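Enquirer: Structure of the sequence below:
(one chain, ligands or ions: 2)
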Amino acid sequence: MYLPSFSLKGKTALVTGAGRGIGQAIAIGYAEAGADVVIVSRTQSDLEKTAQLIESVGTKAYLFEADVTNKDQVKGIFETLDLEQINVDILVNNAGMNIRSKAFDVSDEEWDTIMHTNLRSAFWFSQQAGQRMKESGGGKIITISSVAGHVALRTGVVYASTKAAIIQMTKNLALEWGQYGINVNSIGPWYFKTPLTEKLLADKEYLQDILDVTPQKRVGELPDLVGPAVFLASEAADYVNGQTLFVDGGMTIQGF
Ligand SMILES: NC(=O)C1=CN([C@@H]2O[C@H](COP(=O)(O)OP(=O)(O)OC[C@H]3O[C@@H](n4cnc5c(N)ncnc54)[C@H](O)[C@@H]3O)[C@@H](O)[C@H]2O)C=CC1
Ligand SMILES: C[C@H](O)[C@@H]1OC(=O)[C@H](O)[C@@H]1O
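Expert: Ligands and ions are numbered 1, 2, ... in the order given. I've put the predicted structure just below:
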């Protein structure tokens, strides 16, 4: 038999920023693939909506209203999961944000907010989940990067730097943790319509600029991202480690 399983039945996934957008889509997609899902975000009402959608599919949702830039709250999530004997088999570091300032205008506060939200929080969650995965024999860690970590975009140098750092952090964690049966990979999306990008994508000229550099001539639809996220979380990707999978309609190979 050659076809490995793409099912997540019997697994528990933790998804940060699962209250809306890409994180919510991945959380629901994981539930559709059979996983129970620990969902983390700052907004309880968003979490409750996602939980309802997960439970309508028939798996369990565990809600944590938390700020991923607060280390005590991050540690507290894992301490609670330990007490409830809930093992995280799959971690998706998705929470992220952007302030699209020009380089000359970036303030120290903006630098800190973007770096802490996008990069440091992913490292903290990876440390917490990775330690437990090492003890339990393995697991999957997936961090959401961006094409902005691979090619230069006009959407801000700090954000791009966090996304490039995620790509390298993914390689280094895979190097250290592969021996424990932990697969550490990253997904690099191009534009997908979410609250983060809605306003930009509503601007017809901006959207045309995007399509002009996208071989598939469309922005991503959330199922386009959930498929790769399920693949990387499943047994089908057991020998994929340290990689970044760009889900971009061909944008990163666009030449002229
Ligand atoms: N939408 C897009 O076109 C692209 C998005 N991405 C990345 O995908 C990820 C998700 O993006 P979207 O769903 O579009 O964004 P979004 O803004 O729609 O959702 C982000 C989620 O993260 C949560 N979050 C933000 N800061 C947080 C904090 N400090 N603590 C807890 N939760 C926090 C928000 O509450 C929200 O639920 C981000 O890492 C983003 O950089 C990457 C490439 C393209
Ligand atoms: C594609 C990028 O990750 C995305 O584009 C935006 O405008 C967002 O702020 C992100 O940078």
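Enquirer: In the stretch 151-256 of the chain, what residue lies closest to ligand 2?
Expert: Closest approach between the stretch 151-256 of the chain and ligand 2, counting by C-beta to the nearest ligand atom: Thr155, at 3.6 Å. Backbone N, C-alpha and C define where each C-beta goes, glycine included.
Enquirer: Report the secondary structure state of that residue.
Expert: Put simply, Thr155 is coil when judged by DSSP: H, G, I helix; E, B strand; the rest coil.
Enquirer: List the residues that contact Glu32.
Expert: By C-beta atoms under 8 Å, 6 or more residues apart in numbering, the contact list for Glu32 reads Val57.
Enquirer: Quick check: it vs Ser107, distance?
Expert: Noted for Glu32: a distance of 41 Å to Ser107, by C-beta to C-beta, to the nearest Å.
Enquirer: And for Arg42?
Expert: On the measure of C-beta to C-beta, Arg42 and Ser107 end up 22 Å apart.
Enquirer: And for Ser41?
Expert: Using C-beta to C-beta, Ser41 is found at 25 Å from Ser107.
Enquirer: And those two? Which one has more around it.
Expert: With neighbours defined as other C-beta atoms under 10 Å, Ser41 and Ser107 compare such that Ser41 has more, 27 against 10.
Enquirer: correct me, but that one touches Glu48?
Expert: No. Assessed by C-beta atoms under 8 Å, Ser41 is found out of contact with Glu48, at 10.3 Å.
Enquirer: The least confident helix or strand in the chain by mean pLDDT near ligand 2 anywhere?
Expert: The least trusted helix or strand in the chain, going by mean pLDDT, DSSP states H and E, turns out to be helix 198-202, with a mean of 95. Yes. Using C-beta under 6 Å from any ligand atom, we find that helix 198-202 touches ligand 2 at Leu200.
Enquirer: Which strands or helices does that helix pack on?
Expert: helix 204-212 (3 or more C-beta pairs under 8 Å, 6 or more residues apart in numbering; DSSP states H and E).
Enquirer: The helix or strand following the helix it packs on near ligand 2 at all?
Expert: For helix 204-212, the following helix or strand on the C-terminal side (DSSP states H and E) is helix 222-233. No. Helix 222-233 lies apart from ligand 2 when judged by C-beta under 6 Å from any ligand atom; the minimum separation is 12.1 Å.
Enquirer: And stretch 97-108, by the same measure?
Expert: Yes. Counting by C-beta under 6 Å from any ligand atom, ligand 2 has neighbours in stretch 97-108: Asn98, Arg100.
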